[in-house]
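In: Take a look and give me a structure for this.
(2 chains)
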Amino acid sequence: MLSLNLLKVRLFWRALRAKSERLKAYYLAQKAILATNVMEAPLLAIDLEMTGLDAQFDQILSIGIVPIENGRLILSKAEHKLVKIEGSVGQSAAIHGILDHHLDGAVSPEVAMAWFADKCHGQILVAHHSPLDLAFLQKGLSVHFHQTVKLMAIDTLGLEKRRLMRQHEVLKEGALRLGASRERYGLPVYAAHNALIDAIACGELLLAQISAIGQGDKVSVAEVLS
Amino acid sequence: MDTSELQPITDFIQGLVPFDSLSHSTLARCCKSLSVGYYSKASTFVPLDETDPQLYIVRSGAFEVRSDDGELLDRLGEGDYFGFPSLLSGEKVSNRVRILEDGLVYHLDPDTFDYLRVESRQFDRFFNRAFAKRLRHQARFKAKELTTTSRVSALMSNNPLIIDVNASVCEAARKMRERRVSSVLVIDNHKLCGILTDRDLRNRVLAEGQDGSLPVHQAMTTQPKVLSSNALVFEAMLLMSEHGIHHLPIVDDERAVGVLTSTDILRGQSSQPLLLIGEIERQSNLDSLISVSKQIPLLLQNLISADARAEEIGRVLTSVTDALTRRLIILNQALLGEAPMAFCWLAFGSQGRQDQAACSDQDNGLLLAHEPDEAASGYFEALTKAVCSGLDQCGYIYCPGDIMAQNPKWRMSLSQWQSKFARWVDTPEPKALMHASIFFDMRSVFGPSSLFDSLQDKVLANTKGNDIFLAGMANNSLVESPPLGFFKKFVLERDGSEVKGIDLKHKGNALINDIARVYALSAGIKEVNTAKRIRALMEQDIINRKDALNLVDAHEFIAHMRLSNQGYQYTHALPISNYLQPKHLSSLVRHQLRDAFKVVHDAQSGIKLKFTRSF
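Out: Next up, the predicted model:
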């Protein structure tokens, strides 16, 4: 949790150094939301499926997004994009279940990034274990904007970890996984997995986490950004 | 967006009545229009915005709906709805929805709601009915009638007789004769295209002077009304009466999976236990009685799946046991000859209280009009041995504690029984009393009621107002306490580690039985059924109305949980036990269970105050 002012300054600098108007507007819009109460802020829960865990070498396979408006996930605006990759999905299919032939209707990484840049404008990103997803997105968006792009997100895994540490609980292996975290809040088990379902699952988890913090109407975006 | 990507949400919505009646594409549109919210206990009430009415679909958590004057209208858990009254009436929301446990809720907007009502008559009818029901302020634990809540799949005959559309009516009639059914489904290229019934053969073939080579499709009823196996029996009845038909093909995914006839529905109605009792009374030897008794587990299963009241299930099962006992006595008397004196067959414990469940053992005794001589002793020994062994073979296993009429200890004359009870009552040793408590729940199953009354009147005259005895009984009833603390622990342990089950019998209903028994004996009330005891106590103002009704509700609810748990165990071929694994309970049920245990706890405090203070 970084202080509100520090975050503002950081975003302001990024906006100053942004070469494209679009990117500048993106940072400034983020800056404007920082002090807003989380339950009223425009959020975008996201999840990515990748061919591996290394943003340098691995590629994005699919992106799921669902906006959260006034504390509600809006399924009518939820979207799921499959992304074309170079080569084969290989062994990673065992984890995400996406096989090469599923990618027939997929879009190119360039199209996907243009689409994502458009969708995330004016929204605060929410992800479970966000550093991983952000690393892939930053790499893709940097290509799109021809400039290094830095993203911020609310990390539901980070929130959960802090909460459990505060309660002095011993963290068992796997205790912070999305499913295990949801179970602690009595959220339903989703048998199927894809980037969209996991984005929804992550969004729901955030709502439950904010409720559990209590004073849900007093928690600002800056307080939960990682 | 492809809807299969919303699979978990679509699956959930599709499993709900009335959403299950929607077509695939309508359902997809519906799921895509949802928004998802989370309501936390911390905010107490769901903020219902009257300018923005929604259908709220509970995905998890527990809620209760109260009218503006605070009356409880409904309790909601997973798969329940709220918010529909204002959607339907367009009026301001006056009910309040309290959050009992944090939960996830899907919101359906008014436009989509109206669209679904237009698309599906069943959908429209469901919410109109629910609205009317809500207005009538339904009682909390009111059980549902069999025909209105059970599903077609429970009554239909599976594996329907089918015939190709080009076969002759003669062939169809032959097949119907072989299978002894009154209808056959006509299939064209694996799809149902018609139905041919007895009546069609008469009216469209015989009466028209057609011969047997007529192809089926010229005699059948084309495009018959069909239902899915998931439909309510109630809907089947409605459809049959609307169209004056007696046969409904049951079709799932365009595949004919069964036939439901009006006779199936009749048979499914509550007459079934009566049929079974009638059958018991017609049997003339032990072997045939044993084979009839094989139907008892199925009867229990049907009653459970029909959501009958637990109290009624107990009474029905006990009347079957009673009938079986009586039949065994009569059959054996036919072999042994007339009894040398009047006698009563006594039922104790659960059979006495009329709350038998699955796997009951025997608890019985014999009450003789007077001291038997050697010949009479021999006669009764032979009779009781035969009856007890008959019961054992019918599935009521021998009592592990040997409290059975075949044990000479529990085969006594009136005066011996009277002095036995007098010893328990006058010198109440806690240990002895604990074993004796089941004897105080006694009922005569066979024999002259005057003889039984002479015993019961004497016993009650002894117990009524007998403070020392009542204190002993009350103390015994306080040894076990309801598992209240358990729930807290349970919530903490939700993510993983093994949780021990709740013993619904010994930590639930047995405690209520004990409480009712102490009160009933203190007041000299003759009833032995727990619910009847409590009602009698309420009428005599010994327990106040509110406490009495709460106790009856709690008793019913815990018994219901125990039965449905045993139903689950039975269908999953698990060993039948009284232990409930709380893992799979919805949060709503957990709440109700906690409330029920709280009622038991309070009633125990009441007993303690009333009967044990000076000892």
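In: Low-confidence stretches in chain A?
Out: Segments of chain A classed as low confidence (criterion: pLDDT under 70) are A:1-2, A:89-103, A:215-217.
In: Show me the helices in it, by range?
Out: A:4-17, A:21-33, A:93-96, A:109-119, A:130-145, A:156-166, A:178-184, A:195-213, A:221-224 (DSSP state H).
In: Ok, the stretch 301-450 of chain B next?
Out: All helices of the stretch 301-450 of chain B, identified by DSSP state H, counting those that start in this stretch, fall at B:310-336, B:349-353, B:374-393, B:414-426, B:430-436, B:449-463.
In: Show me chain B divided up by domain.
Out: Annotated domains of chain B cover B:3-138, B:152-264, B:271-463, B:475-611 [automatic domain parsing].
In: For these, give me CSV that also has distance to residue A:48, mean neighbour count and mean pLDDT.
Out: Any C-beta I mention is one placed from the backbone N, CA and C, and that applies to glycine too. Output for those, formatted as CSV (distance: least, C-beta to C-beta, whole Å; neighbours: other C-beta atoms under 10 Å in any protein chain shown; pLDDT from 0 to 100):
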stretch, distance to residue A:48, mean neighbour count, mean pLDDT
domain B:3-138, 15, 17, 83
domain B:152-264, 36, 17, 87
domain B:271-463, 46, 18, 87
domain B:475-611, 26, 19, 80
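In: looking at these, which is closest to chain A?
Out: Of all those, it is domain B:3-138 that lies closest to chain A, at 3.3 Å by C-beta to the nearest C-beta.
In: list the contacts for residue 14?
Out: Unless you meant another one, I'm taking chain A. A:27, A:150 (C-beta atoms under 8 Å, 6 or more residues apart in numbering or on different chains).
In: I was after chain B.
Out: Going by C-beta under 8 Å, 6+ apart, residue B:14 touches B:20, B:22, B:27.
In: and the gap between it and residue B:289?
Out: Residue B:14 sits 46 Å away from residue B:289, taking C-beta to C-beta, to the nearest Å as the criterion.
In: now swap in residue B:327 and tell me
Out: Distance from residue B:327 to residue B:289, by C-beta to C-beta: 6 Å.
In: Find the residues that touch each one of these two.
Out: Joint contacts of residue B:327 and residue B:289 (C-beta under 8 Å, 6+ apart) are B:280, B:283.
In: which outside residues touch the helix or strand in which residue B:193 is found?
Out: Secondary structure assignment for residue B:193, by DSSP states H and E: strand B:191-197. Applying C-beta under 8 Å, 6+ apart, the contact partners of strand B:191-197 are B:163, B:165, B:169, B:172, B:182-187, B:216-217, B:219-224, B:226, B:246-247, B:249, B:251, B:254, B:256.
In: One more: stretch B:170-185?
Out: B:157, B:160-163, B:192, B:194-198, B:201, B:212-213, B:216, B:246-247, B:249, B:256, B:259, B:261.
In: Dump the C-alpha coordinates for that stretch into CSV.
Out: C-alpha atoms of stretch B:170-185 as CSV (Å, rounded to 0.1, in the frame of the first residue of the first chain):
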residue,chain,number,x,y,z
CYS,B,170,-51.6,-54.9,-34.6
GLU,B,171,-47.9,-55.1,-33.8
ALA,B,172,-48.3,-52.1,-31.5
ALA,B,173,-51.2,-53.8,-29.7
ARG,B,174,-49.1,-57.0,-29.3
LYS,B,175,-46.2,-55.1,-27.8
MET,B,176,-48.6,-53.3,-25.4
ARG,B,177,-50.0,-56.6,-24.3
GLU,B,178,-46.5,-58.1,-23.7
ARG,B,179,-45.5,-55.1,-21.6
ARG,B,180,-48.9,-54.8,-20.0
VAL,B,181,-49.0,-51.0,-20.6
SER,B,182,-51.8,-48.8,-22.0
SER,B,183,-49.8,-46.7,-24.4
VAL,B,184,-46.8,-46.8,-26.8
LEU,B,185,-44.6,-44.0,-27.9
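In: quick one: it to chain centroid distance?
Out: 36 Å (C-alpha atoms, centre = their mean, to the nearest Å).
In: just stretch A:41-48 next, same as before
Out: The chain centroid and the centroid of stretch A:41-48 are separated by 5 Å under C-alpha atoms, centre = their mean.
In: Equivalent analysis for stretch B:166-185, please.
Out: The chain centre lies 38 Å from the centre of stretch B:166-185; the measure is C-alpha atoms, centre = their mean.
In: what does stretch B:397-408 give?
Out: With C-alpha atoms, centre = their mean, you get 29 Å for stretch B:397-408.
In: Enumerate the residues of chain A near chain B.
Out: With the criterion set to C-beta under 8 Å from any C-beta of the partner chain, chain A comes near chain B through A:64, A:71-76, A:78-80, A:175, A:180, A:183-188, A:190-192, A:194, A:196-197, A:200, A:203-204, A:207-208, A:211-212, A:214, A:216.
In: Direction included, what does the strand holding residue B:193 pair up with?
Out: Strand B:191-197 has the following sheet partners, assigned by DSSP bridges: strand B:183-188 (antiparallel), strand B:221-222 (antiparallel).
In: dump the residue contacts of residue A:113.
Out: Residue A:113 touches A:140, A:141, A:143, A:144, counting by C-beta under 8 Å, 6+ apart.
In: same thing with residue A:76?
Out: By C-beta under 8 Å, 6+ apart, the contact set of residue A:76 is B:32, B:33, B:34, B:35.
In: what does residue B:593 give?
Out: Residue B:593 neighbours (C-beta under 8 Å, 6+ apart): B:487, B:502, B:557, B:558, B:561, B:585.
In: Check residue B:166 too.
Out: Counting by C-beta under 8 Å, 6+ apart, residue B:166 makes contact with B:215, B:216, B:217.
In: element containing it?
Out: Going by DSSP H and E, residue B:166 is not part of any helix or strand.
In: Do a quick rundown of the helices in the stretch 1-150 of chain B.
Out: So, for the stretch 1-150 of chain B - with DSSP H, counting those that start in this stretch - the helices run B:7-14, B:24-32, B:84-89, B:110-119, B:121-135, B:146-149.
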